[in-house]
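Visitor: pasting the sequence and the predicted model now:
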Amino acid sequence: MQQPGFRILAHVSTDPALIALFKDIPASIVSDNMNRVTGTWGLHPYHRPNVSLLGPALTVRVRSGDNLMIHKALQIGRPGDVLVVDGDGCLDRGLVGEIMKRVAQKRGFAGLVIDGAVRDIAAYRNDSFPCYARGVCHRGPFKEGPGEINVPVSISGVVVHPGDIVIGDDDGVVFVRPEDAPALAEASRKKMAVEAATFAAIADGTYDETWIDASLRARNVLPA
């Protein structure tokens, strides 16, 4: 019998149509429409610039410095999955290196999000395979467990459920619950349109900055 802390739960599928709603939407736009209080911080992209990440989360929780269950997740994951690893933010051992990166690519994973350290980063630097991690450490991991697959995990303090939609770009990573996807994608595309109009106004000299002084007056910084 599997016990909490060392178990593998069933894969959680996400409707591909919900995932596709976020194609070409920047992570920052999604974050703004989640009231700017969600999404990761402190995770760095180690792949080449101008690469986006989009797919459902295959979640893994591991003991600090141990990657046994990450190897297992790479065995049982499905093409398009994003491997999302709660490594307890630990930076004293690299949880994923070039061998695991190559395995993930060969098996069709969409990318990696590691709340912990990675190594062999030269293999990522000029590659388009997305890898976000908290840091780098050359020291290798243990391979003994315990750990859990397909359970809720914590990434930068954000709770990520199996099947959540993962959106990443040069600014970082955000996670979206599938049930929130339609409304959030619609709001995000509306904000993209507003920003496009703002860029045009900056270019033609009609950008309205009156809100700045209005905000300062409301706070008694400028005279009414």
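Guide: Cool, the structure landed.

Visitor: can you tell me the centre-most residue of this protein?
Guide: Most central in the chain under Cα atoms, centre = their mean is V173, positioned 3.1 Å from the mean C-alpha point.

Visitor: mind checking how far that one is from I8?
Guide: Distance from V173 to I8, counting by Cβ to Cβ, to the nearest Å: 24 Å. Where you see a C-beta, it was placed from the backbone N, CA and C, and this is true even at glycine.

Visitor: now swap in L83 and tell me
Guide: 14 Å.

Visitor: so who does the closest residue to D24 other than its chain neighbours touch?
Guide: Spatial nearest neighbour of D24, excluding adjacent residues (Cβ to Cβ, 6 or more residues apart in numbering): S52 at 7.7 Å. Neighbouring residues of S52 by Cβ atoms under 8 Å, 6 or more residues apart in numbering: 24, 130, 167-169.

Visitor: hang on, S64 packs against D88?
Guide: Yes. With contact defined as Cβ atoms under 8 Å, S64 reaches D88; the gap is 4.6 Å.

Visitor: shared neighbours of the two, anything?
Guide: G116.

Visitor: in the contacts of S52, find the pair that's most separated.
Guide: Based on Cβ to Cβ, the longest span within the contacts of S52 runs between D24 and P130 and measures 15.1 Å.

Visitor: the longest strand anywhere in the chain - what's its average pLDDT?
Guide: Counting residues, the longest strand in the chain under DSSP state E turns out to be strand 53-62. Per-residue pLDDT over strand 53-62 has a mean of 98.
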